[in-house]
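Colleague: Give me a model of this one.
(one chain, ligands or ions: 1)
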Amino acid sequence: MAAVKIDGTAVAADVRSAVAAAVSTLPGQPCLAVVLVGEDPASEVYVRNKVKMTQAAGMVSIHHRLPADATQGEVESLIERLNADPDVDGILLQLPLPKGLDADAAIEKIDPDKDVDGLTEVSAGRLSLGKPGLRPCTPVGSVILAKRALGEDLSGKHVVVIGRSILVGKPAALLFLAENCTVTIAHSRTANLAEVCRGADILVPAVGRPEMVRGDWVKPGAAVIDVGINRVPAPEKGEGKTKLVGDAHYESCAEVAGFITPVPGGVGPMTIACLLRNTVLAACARRGWAVPAGL
Ligand SMILES: Nc1nc(=O)c2c([nH]1)NC[C@@H]1CN(c3ccc(C(=O)N[C@@H](CCC(=O)O)C(=O)O)cc3)C=[N+]21
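Modeller: Predicted coordinates for the structure are as follows:
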């Protein structure tokens, strides 16, 4: 029995059209400010995509660039300017920052009500306390994909998140907990990792180790939501070529799982879709607009 593939590209497109439909009913246009420091080519592509998709959803996108040799003070004063700008609803500081800059300190300058990445201490505290706030995009995308696989009600499901990173593992665990799941956070020191994983109804590898999770770690019928995006050599495609793989070994996991997300085309595309959704949620909360149905 082969697993059903959960098509993250298609689900992300659904989320973006829901965002666009929601935006069209609002009394004004939400605005996302993207800050890119330096000239990392991967970041350039990523930021260009974000700007394009923000505009396609009917929102305003403003793009600020600072040179790679910008100082910490310059980055932080730009963020403060965007905090003070009443027209800006969301601020995204593209990571990583060039060497020498303190990303954590810069993130802390972002007004938590404009923190569409959900990365500030206040956002993390709100999530942890179960208070309203902006949630990190990749974990939200993972929950949405799990619901596409298993249905809206995830209560009582055993979720095993592999990885305890600030960006993904920890917030993903808290979001599944908020869905009334039973959550285990496994990590590099977990004893009997394969056995722990075999207990999962929803397995969420988020460690950045290419193809670490094998089919015999998966409970038959489980949903594998693969958060890892790893670029690895692909000599079969030619010398020097690379390809993207997840943290799960797709073929062997797909033989056992009930549902599985591919890489690429799984959780990755959901991240940007959820960023757009967060921009709308931030705009509604800041401006006192009702959140449109369907978000
Ligand atoms: N402040 C901030 N927030 C972020 O969310 C953030 C960031 N900085 N810096 C960079 C990372 C990376 N990231 C990705 C999002 C989508 C894909 C994605 O859609 N990937 C495609 C594959 C793309 C390809 O082919 O290279 C996929 O998985 O199908 C990948 C990576 C968000 N990041």
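Colleague: which residues sit in contact with Leu145?
Modeller: Ile6, Gly8, Val11, Ile225, Thr261, Gly266, Val267, Met270 (Cβ atoms under 8 Å, 6 or more residues apart in numbering). Quick note: C-beta positions are derived from backbone N, CA and C, even for glycine.
Colleague: Reformat these as CSV; add neighbour count.
Modeller: Formatted as CSV, the contacts of Leu145 follow (neighbours: other Cβ atoms under 10 Å):
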residue, neighbour count
Ile6, 23
Gly8, 27
Val11, 21
Ile225, 32
Thr261, 31
Gly266, 29
Val267, 32
Met270, 27
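Colleague: which two from the residues you listed end up farthest apart in space?
Modeller: Val11 and Ile225 (11.4 Å; Cβ to Cβ).
Colleague: Once you drop chain neighbours, what's closest to the residue in the stretch 1-150 of the chain that the ligand sits nearest to?
Modeller: Relative to the ligand, the nearest point of the stretch 1-150 of the chain is Leu95 (3.8 Å; Cβ to the nearest ligand atom). Ranked by Cβ to Cβ, 6 or more residues apart in numbering and with sequence neighbours excluded, the top spatial neighbour of Leu95 is Ala103, at 5.9 Å.
Colleague: Is it correct that the one you found is in contact with Ile110?
Modeller: No: when contacts are counted by Cβ atoms under 8 Å, Ala103 is not listed as touching Ile110 (11.2 Å).
Colleague: where do the contact lists of those two overlap?
Modeller: With Cβ under 8 Å, 6+ apart, Ala103 and Ile110 have common neighbours Leu93.
Colleague: out of those two, which sits in the busier spot?
Modeller: Ile110 (25 against 15; other Cβ atoms under 10 Å).
Colleague: correct me, but that one touches Gly118?
Modeller: No: the criterion here is Cβ under 8 Å, and Ile110 misses it with Gly118 at 10.3 Å.
Colleague: so when I look at Ala33, I'm seeing a helix, right?
Modeller: No: counting by DSSP: H, G, I helix; E, B strand; the rest coil, Ala33 is not part of a helix but strand.
Colleague: Tell me how many other residues crowd it.
Modeller: Ala33 has 25 nearby residues by other Cβ under 10 Å.
Colleague: Quick check on Leu66: phi, psi?
Modeller: phi -120, psi 150 (degrees, to the nearest 10).
Colleague: how far away is Cys31 from Lys157?
Modeller: 37 Å (Cβ to Cβ, to the nearest Å).
Colleague: before we move on, what about Ala172?
Modeller: Taken as Cβ to Cβ, the span from Ala172 to Lys157 is 13 Å.
Colleague: Contact partners for Ile62?
Modeller: Cys31, Leu32, Ala33, Val34, Val88.
Colleague: mind checking the SS state of it?
Modeller: Ile62 - assigned by three-state DSSP - is strand.
Colleague: CA-only coordinates of the lowest-mean-pLDDT helix or strand in the chain in CSV, if you can.
Modeller: Scoring the helices and strands of the chain by mean pLDDT, DSSP states H and E places helix 41-56 at the bottom, with a mean of 91. Extracted C-alpha coordinates of helix 41-56, given in CSV (Å, rounded to 0.1, in the frame of the first residue of the first chain):
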residue,chain,number,x,y,z
PRO,A,41,21.5,34.8,-4.1
ALA,A,42,19.2,32.2,-2.4
SER,A,43,17.6,34.9,-0.3
GLU,A,44,17.2,37.1,-3.4
VAL,A,45,15.1,34.4,-5.2
TYR,A,46,13.2,33.7,-2.0
VAL,A,47,12.4,37.4,-1.4
ARG,A,48,11.4,38.0,-5.0
ASN,A,49,8.9,35.1,-4.7
LYS,A,50,7.5,36.5,-1.6
VAL,A,51,7.0,40.0,-3.1
LYS,A,52,5.3,38.5,-6.2
MET,A,53,3.0,36.3,-4.1
THR,A,54,2.1,39.2,-1.7
GLN,A,55,1.1,41.3,-4.7
ALA,A,56,-0.8,38.4,-6.3
